[in-house]
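Engineer: Quick one: sequence and predicted model below, then my questions.
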Amino acid sequence: MSGADKKRALVLIADGTEEMEAVITIDVLVRGGIEVTVASTNPSESTSESVKCSRGVRIVPDTHLSALPLPTPSPSSTVTATDDASLYYDVLFIPGGGPGAQSMAASPLVHKWIQAHITKPSVLVAAVCAGPTVLRAAGVAKGAQVTSHPSVKNDLQDYFDYRDDVSGSAIVVKDEKNRLLTSRGPGSTFELALKIVQEVRGKDVMESVRAPLMFP
């Protein structure tokens, strides 16, 4: 894949992140030819410290979010050094897991990354399970169609156009205006990850990833 065609995803994780949602998404995106960077958002800014997920699985991130250059959208039409297009990722993914989502929701740095990326029409933002609560905390996409794990519905339904009638092949909700994908939990993460691949790399690539997974 040429440099111009290369697609990149940023996956945020923190202590308490749901490991299935993080790892399934990372795996499927890599299979789809998307370069993935896994960034810790823990209060400790160590770039080598492992993240302890919700069931005790430890993931060693590639970096800490604070070590990455934060793109800052220019208020004018003039592209500035801080609005360098190369600093943006094609996908920003937020997994769930209650404690992990709560930690991210309390992070001003996470808010800045979400705010920068959701304003870019070319960027796809995705969240699953409790992940949409982080979007609300960042103050973005108000009124967007979203879904989530039922346990956080009450935290979201007065801010978003909340959908809890989703299932089967429709278990991933897409809000076109905000280029936002959301889904419900660990069991729907394969569908969400495959949908991300489809949105970023196309249907043919998605189907080539899906088939050998033996996914129903």
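Structural biologist: Received it, and whenever you're ready, just let me know what you need. Numbers count the residues shown, from 1 in each chain.

Engineer: Find the helix or strand that the residue nearest in space to the middle of the chain is a member of.
Structural biologist: Residue closest to the mean C-alpha point of the chain, counted by Cα atoms, centre = their mean, is residue 93 at 1.0 Å. In the assignment (DSSP states H and E), residue 93 maps to strand 91-94.

Engineer: Start from the N-terminal end of the chain and give the helices.
Structural biologist: All helices of the chain, identified by DSSP state H, fall at 19-31, 98-105, 108-118, 132-137, 153-156, 189-201, 203-210.

Engineer: Can you tell me what sits against the strand holding residue 93?
Structural biologist: Contacts of strand 91-94 with the rest of the structure, by Cβ atoms under 8 Å, 6 or more residues apart in numbering, involve 7-12, 25, 29, 34, 101, 104, 113-114, 117-118, 123-128, 131-132, 134-135, 196, 200. Using the backbone N, CA and C atoms, a C-beta is placed for each residue, glycine as well.

Engineer: Kindly report the same for stretch 107-122.
Structural biologist: With contacts defined as Cβ under 8 Å, 6+ apart, stretch 107-122 is touched by 10, 12, 41, 65-66, 70-73, 88-90, 92, 94, 104, 123, 125, 134-135, 137-141, 178-180.

Engineer: Could you report the neighbour count for residue 13?
Structural biologist: The number of residues packed near residue 13 is 29, by other Cβ atoms under 10 Å.

Engineer: ugh, typo on my part, it should be residue 31
Structural biologist: Neighbourhood size, residue 31 [other Cβ under 10 Å]: 18.

Engineer: one step back: now that we have the contacts of strand 91-94, which of them are buried?
Structural biologist: 7, 9-12, 25, 29, 34, 101, 104, 113-114, 117-118, 123-128, 131-132, 134-135, 196, 200 (16 or more other Cβ atoms under 10 Å).

Engineer: Provide a list of residues in contact with residue 213.
Structural biologist: Remark: with contacts taken as Cβ under 8 Å, 6+ apart, residue 213 is in contact with 28, 190.
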